[in-house]
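[1] what would the 3D arrangement of this be:
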Amino acid sequence: MKNLKIKIYADGADKEGMLKLYLDPLIQGLTTNPTLMRKAGISEYETFARNILEIIQDKPISFEVFSDDFDEMKKQALKIKSWQENVYVKIPVTNSLGESSSSLIGELAKEGVQLNITAILTLDQIREVNTALNPEVASVISVFAGRISDTGIDPEPLMKESKKITKSEQPKAELLWASVREVYNIYQADRCGCDIVTVPHNILSKAIKMSGKDNLQLSLETVQMFKEDAEAAGFQINC
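    A predicted model of the protein is given here:
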């Protein structure tokens, strides 16, 4: 994976895992979201974030707003921005009512907030976000390619077109392949010309262990696993 052009970000809310991956030179940034935090048992959002930022000071890290009201969302965004210079503020492309966040994105972008626009799944959303961002401020456009593939649609054409759209008008915007489901998605994201791919901690562990492995050796290890598990279970067939 060291030969890939794409930046690999760790996606999770497990503090121990985040800090371990932060120290890995392969990992160039980190992301999290309220759902991952809840699954990790986090109840104090700001306390958790500030605790993480005491250690992670020199790699990009994204924290997400969670209000449904755009005025309150803006207040949260400005507060999150103030925590540290390496912080990107995650803004969902709409609120939970389906109302576009483009006006808020434009306001925050004009104020110099580094944004990570998240939960994008369509080209129309890409175009709208692309128009709202500030070309002079670093930003991330997160397309949930994994969720697109969950619907049975190949996300690669959309990701390639998204890259063309953002590259033409937003020189400081980076296209991110989000919701990785398997190791292969990392290579797909690189092939599409995406700038960043966010990878869950468990898939990162698998990628580090398995990428480039010889398939003949992997075949043997698989057969050995079957044998060991059959013996451990005490399976017998009376012939």
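[2] center of the protein, which residue is that?
    residue 198 (3.1 Å; C-alpha atoms, centre = their mean).
[3] what's the closest non-adjacent residue to that one?
    Distance criterion C-beta to C-beta, 6 or more residues apart in numbering; nearest residue to residue 198, sequence neighbours excluded, is residue 11 at 4.0 Å. Bear in mind the C-beta positions are built from the backbone N, C-alpha and C, glycine included.
[4] what's the local residue count around the one you found?
    For residue 11, the neighbour count with other C-beta atoms under 10 Å is 24.
[5] state the phi and psi torsions of it.
    Main-chain torsions, residue 11, degrees, to the nearest 10: phi -120, psi 110.
[6] coming back round to it: packing partners for the one helix or strand the residue nearest to the centre of the chain maps to?
    Taking DSSP states H and E as the criterion, residue 198 maps to strand 196-200. Under the contact definition 3 or more C-beta pairs under 8 Å, 6 or more residues apart in numbering; DSSP states H and E, strand 196-200 sits against strand 7-11, strand 27-31, strand 173-177, helix 183-191.
[7] pick the most buried one from the ones you listed.
    strand 173-177 (a mean of 25; mean count of other C-beta atoms under 10 Å).
[8] other SSEs contacting that one?
    Strand 173-177 packs on strand 139-143, helix 156-169, helix 183-191, strand 196-200, going by 3+ C-beta pairs under 8 Å, 6+ apart.
[9] confirm residue 72 sits in a helix?
    Yes - per DSSP: H, G, I helix; E, B strand; the rest coil, residue 72 lies within a helix segment.
[10] coming back round to it: can you put the helices and strands packed on strand 196-200 in JSON lines and add distance to residue 64 and mean pLDDT?
    Formatted as JSON lines, the helices and strands packed on strand 196-200 follow (distance: least, C-beta to C-beta, whole Å; pLDDT from 0 to 100):
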{"stretch": "strand 7-11", "distance to residue 64": "12", "mean pLDDT": "98"}
{"stretch": "strand 27-31", "distance to residue 64": "9", "mean pLDDT": "98"}
{"stretch": "strand 173-177", "distance to residue 64": "14", "mean pLDDT": "98"}
{"stretch": "helix 183-191", "distance to residue 64": "21", "mean pLDDT": "97"}
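[11] quick one: the residue nearest to the centre of the chain from residue 176, how far?
    Remark: distance between residue 198 and residue 176 (C-beta to C-beta, to the nearest Å) = 6 Å.
[12] hmm, who's touching the top helix by length along the chain?
    Using DSSP state H to define each element, the chain has its longest helix at helix 215-233. For helix 215-233, the external contacting residues (C-beta atoms under 8 Å, 6 or more residues apart in numbering) are residue 210.
[13] just how off-centre is it within its chain?
    33 Å (C-alpha atoms, centre = their mean, to the nearest Å).
[14] show me what contacts residue 38?
    No residues are in contact with residue 38 under the rule C-beta under 8 Å, 6+ apart.
[15] err, residue 33, not the other one
    Here residue 33 is in contact with 13, 64, 90, 118 (C-beta under 8 Å, 6+ apart).
[16] returning to that earlier point: let's see the pLDDT reported for the residue nearest to the centre of the chain.
    We note a pLDDT of 98 for residue 198 in this prediction.
[17] ok so, going back, can you add distance to residue 134 and give the helices and strands packed on strand 196-200 back as CSV?
    Formatted as CSV, the helices and strands packed on strand 196-200 follow (distance: least, C-beta to C-beta, whole Å):
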stretch, distance to residue 134
strand 7-11, 21
strand 27-31, 20
strand 173-177, 9
helix 183-191, 25
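[18] with just CA atoms, put stretch 228-239 into CSV.
    The C-alpha coordinates for stretch 228-239 follow below in CSV (Å, rounded to 0.1, in the frame of the first residue of the first chain):
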residue,chain,number,x,y,z
GLU,A,228,-7.3,-26.6,12.8
ASP,A,229,-10.9,-25.6,13.3
ALA,A,230,-12.2,-29.0,12.5
GLU,A,231,-9.8,-30.6,15.0
ALA,A,232,-10.5,-28.0,17.7
ALA,A,233,-14.3,-28.6,17.3
GLY,A,234,-13.7,-32.4,17.6
PHE,A,235,-15.6,-33.1,14.3
GLN,A,236,-15.8,-36.8,13.3
ILE,A,237,-17.4,-38.7,10.4
ASN,A,238,-17.9,-42.4,11.0
CYS,A,239,-16.9,-44.1,7.8
